[in-house]
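[1] Quick one, what's the 3D model for this:
(one chain, ligands or ions: 1)
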Amino acid sequence: MIEINKLTVSYGSKDVLAATDLAIADHETIAVIGPSGCGKSTLLYSIAGLIKPTSGSIMINGKSLLEPRMETSVILQDYGLLPWKNVYQNVALPLSIRGVAKSVIEDKVNALLNALHIEEQINKFPVQLSGGQQQRVAIARALIAEPDLLLMDEPFSALDATVREEMQDLILNLHQEHKLSLVFVTHSIEEAVILGKRIIVMQPNPGQIKRIITNPHFGDVKFRNEFAFHKLCVHVRQEMEGI
Ligand SMILES: Nc1ncnc2c1ncn2[C@@H]1O[C@H](COP(=O)(O)OP(=O)(O)OP(=O)(O)O)[C@@H](O)[C@H]1O
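    Take a look at the predicted model:
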């Protein structure tokens, strides 16, 4: 359970995030959408413990968040893979820096690469992979430490439409399987509606939550082709108009 209470983040005299309140339940998915500069990444990095609030607080599982947690994984837009390490080494990294035994790491890396269908890329370097494959490697690396919270900042923006939909479905399956909470920043209304059990619409100057929209169809695999999906997209678009 994440409890964000009156969270304010300021740079100089500018409030980038103004007195934001939000509670995120265990195993919930939140999609965050809004125009450029409205504070989406600031909110995400605050939940990651990477940005210190100017005032207010974030509690995770009853504990005040004062620094990044081991149980939180973050995936950034550029995937953050280390170019000089191969797929195996990139995925293993969170465990190898914690000194976990090699045989344990090997089993976990192999299981994840199989689950994400990238086992054949195990010895390749990031530059030798497609965007979708790099994204899968980043997801495998994020999951290997068995996080309870996965934070993603526009991770699919560089992917073409078909791969993007595949990745969205993959994330929904992983969310079901691993029982983790997910906070996902996106510029795409369709993506927010597919991935968010609740969709947070933000507005800038100062950055704040304008509306929280509950998605009653979340998790329905056929949802993308249904009228209800398009109806909800229109609803989110209307909330974003005039911001
Ligand atoms: N380190 C910083 N110093 C000063 N201002 C900053 C800093 N980081 C972010 N900002 C400002 O804070 C505001 C919110 O930035 P943030 O990256 O959170 O927005 P965003 O909604 O994620 O934007 P985008 O959709 O373009 O990624 C912007 O106006 C940005 O210029």
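[2] pretty sure residue 51 contacts residue 44?
    No: counting by C-beta atoms under 8 Å, residue 51 stays clear of residue 44, with 9.0 Å between them. In this view, the C-beta of every residue, glycine as well, is placed from N, C-alpha and C.
[3] So for these two, which sits in the more crowded spot?
    Counted by other C-beta atoms under 10 Å, residue 51 and residue 44 do not tie: residue 44 has more neighbours, with 22 against 17.
[4] surely that one meets residue 183?
    Yes: counting by C-beta under 8 Å, residue 44 touches residue 183, with 6.1 Å between them.
[5] who in this protein is up against the ligand?
    Contact residues (C-beta under 6 Å from any ligand atom) of the chain with the ligand: 11, 16, 34, 36-42, 207.
[6] swap the cut-off to 5 Å and go again
    11, 16, 36-42 (C-beta under 5 Å from any ligand atom).
[7] Can you tell me which of those is nearest residue 153?
    Distance to residue 153, by C-beta to C-beta, is smallest for residue 41 among the residues of the chain next to the ligand, at 5.6 Å.
[8] and the helix or strand bottoming out on mean pLDDT in the chain, what other elements does it pack with?
    Least confident helix or strand, the chain: helix 161-178 with a mean of 86, by mean pLDDT, DSSP states H and E. With contacts taken as 3 or more C-beta pairs under 8 Å, 6 or more residues apart in numbering; DSSP states H and E, helix 161-178 sits against helix 131-143, strand 181-185, helix 189-195.
[9] Need the ones you listed in CSV (columns: mean neighbour count).
    Compiled in CSV, these are given as follows (neighbours: other C-beta atoms under 10 Å):
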stretch, mean neighbour count
helix 131-143, 23
strand 181-185, 25
helix 189-195, 24
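[10] what sits against the spatially most central residue of the chain?
    Nearest to the mean C-alpha position of the chain, by C-alpha atoms, centre = their mean, lies residue 152 at 2.1 Å. Going by C-beta atoms under 8 Å, 6 or more residues apart in numbering, residue 152 touches 74-75, 171, 182-185.
[11] Quick check, pLDDT for residue 221.
    In this model, residue 221 is scored at 69, pLDDT.
[12] circling back to that earlier point, which one of the contacts of residue 152 is nearest to residue 60?
    Residue 60 lies nearest to residue 183 out of the contacts of residue 152, by C-beta to C-beta, at 11.7 Å.
[13] In this structure that closest one contacts residue 149, no?
    Yes: the pair residue 183 / residue 149 is scored as a contact, 7.5 Å apart, by C-beta under 8 Å.
[14] Now do the shared contacts for those two.
    With C-beta under 8 Å, 6+ apart as the test, residue 183 and residue 149 both reach residue 47.
[15] Start from the N-terminal end of this protein and give the helices.
    For the chain, the helices defined by DSSP state H cover 40-48, 87-96, 102-115, 131-143, 161-178, 189-195, 227-240.
[16] Contact partners for residue 68?
    Going by C-beta under 8 Å, 6+ apart, residue 68 touches 48-50.
[17] Report pLDDT for it.
    Note on residue 68: pLDDT of 93.
[18] Would you map out the domains in the chain?
    As given by the TED database, the domain ranges for the chain are 2-71+148-242, 80-146.
[19] In contact with the residue nearest to residue 166 when sequence neighbours are not counted, which residues?
    In space, and not counting its chain neighbours, residue 166 is closest to residue 132: 7.1 Å by C-beta to C-beta, 6 or more residues apart in numbering. Residue 132 makes contacts with 159, 163, 166-167, as judged by C-beta under 8 Å, 6+ apart.
[20] okay, those residues in a markdown table with neighbour count next?
    Shown next, in a markdown table, are these (neighbours: other C-beta under 10 Å):
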| residue | neighbour count |
| --- | --- |
| 159 | 18 |
| 163 | 17 |
| 166 | 16 |
| 167 | 19 |
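[21] Name the residues of stretch 66-85 that are buried.
    Using 16 or more other C-beta atoms under 10 Å as the test for burial, stretch 66-85 gives 69, 72-75, 79, 81.
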